[in-house]
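In: got a predicted structure plus its sequence, pasted below:
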Amino acid sequence: MLTPERHRIILDLLANKEVVKLQEFVDATESSESTIRRDLSQLESEKKLKRVHGGASLLQQKGEELSVLEKSTKNVEEKELIARYAASLIRDNDCIYLDAGTTAFLMIPHIQANKVKVVTNGLTHLESLLEHDIETYITGGLIKPKTRALIGRGAIEGIEQYRFDKCFIGVNGIHNEFGYTTPDPEEATVKKRVMNLSQQCFILADHSKFNEITFSKIADLQHATILTNENEEDILKDYLTKTTIKVVTT
């Protein structure tokens, strides 16, 4: 089968199912697995799909953003693994920033260090932080209903009052060329400023975030360490030349 025909079949399958396994492409095109892997890499470079663990999926729309409730039901086990490991990085007396994301929220019960100070723009985090007796500061700013994040000028001015040993940031997209992205420019501005004020930056990203691009750039890859459950070498190899990645599997 000629390459253009295989590509048409691959894209048709994705248009119908959104996420397709590698073996399904092999069966549909009667091609080898290595041929399909090359096809997926080429189509990804043309920004027509993204490779995922064991197959490929359609790209997310650049401005698409789920609510905090919708995000909280996706990839829960993977987020829990990442959150537990991220919390283990916090040391006694650390001053940290927790982003408003759902994985950052899951870190809170696992924080074992003493005398930790937390600054956050996540309204959903506040009750859990207080329940765990963690000294907490909020940024101020405009409440964004969909993500329950504080954003805007007030948030930026609030953040400017602090400096952080570590920050833990959620993103919607990680891409080898376009870096870390999120749909909302206001949220991107807050995340970027926090990263600039932090000694160490950690991106909390389950496997679904790789090879994805959304509307607003936060930073280049080298500005943070990525904590993830993604462990497919074929997906990670290009990223490992630009930043540190910690794969959390247990």
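Out: That came through, no problem. Predicted model only: the values in this text are computed from it and were never measured.
In: C-alpha from now on. contacts and neighbour counts both.
Out: Fine.
In: now the helix or strand containing residue 36: mean pLDDT?
Out: In this structure, residue 36 is located in helix 33-45 according to DSSP states H and E. Across helix 33-45, pLDDT averages out at 90.
In: wait, residue 117 touches residue 91, no?
Out: No: applying CA atoms under 8 Å as the test, residue 117 and residue 91 come out as separate, 10.7 Å apart.
In: one step back: packing partners of the helix holding residue 36?
Out: Packing contacts for helix 33-45, counted by 3 or more CA pairs under 8 Å, 6 or more residues apart in numbering; DSSP states H and E, involve helix 3-17, helix 22-29, strand 50-52.
In: hey, least reliable of the ones you listed by pLDDT?
Out: Ranked by mean pLDDT, the helices and strands packed on helix 33-45 end with strand 50-52 at the bottom, a mean of 84.
In: tell me the strands beside it, with direction?
Out: strand 55-57 (antiparallel) (DSSP bridges).
In: hmm, who's touching the partner strand?
Out: 14, 18, 19, 20, 21, 22, 23, 40, 49, 50, 51 (CA atoms under 8 Å, 6 or more residues apart in numbering).
In: are any of the residues you listed buried, and if so which?
Out: Buried members of the contacts of strand 55-57, counted by 16 or more other CA atoms under 10 Å: 14, 19, 20, 22, 23, 40, 49, 50, 51.
In: and the fifth one, how far from residue 209?
Out: Meaning residue 23. Residue 23 sits 22 Å away from residue 209, going by CA to CA, to the nearest Å.
In: could you do the last one as well?
Out: Spatial separation of residue 51 from residue 209 under the definition CA to CA is 11 Å.
In: helix or strand with the lowest mean pLDDT in the chain?
Out: One helix or strand of the chain scores below all others by mean pLDDT, DSSP states H and E: helix 68-72, with a mean of 67.
In: ok so, going back, okay, the contacts of strand 55-57 in CSV with distance to residue 169 next?
Out: Formatted as CSV, the contacts of strand 55-57 follow (distance: CA to CA, whole Å):
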residue, distance to residue 169
14, 30
18, 27
19, 26
20, 29
21, 30
22, 31
23, 34
40, 29
49, 25
50, 22
51, 23
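In: which one of those is nearest to residue 112?
Out: residue 51 (36.3 Å; CA to CA).
In: tell me what the closest one is bridged to.
Out: Residues in beta-bridge contact with residue 51 (DSSP bridges): residue 56.
In: now for it: which residues touch it?
Out: 40, 41, 44, 57, 211, 235.
In: again, but for residue 150
Out: So residue 150 contacts 121, 122, 123, 139, 140, 141, 142, 143, 144 (CA under 8 Å, 6+ apart).
In: next one: residue 204
Out: Applying CA under 8 Å, 6+ apart, we find residue 204 in contact with 82, 83, 103, 104, 168, 169, 170, 171, 226, 227, 228.
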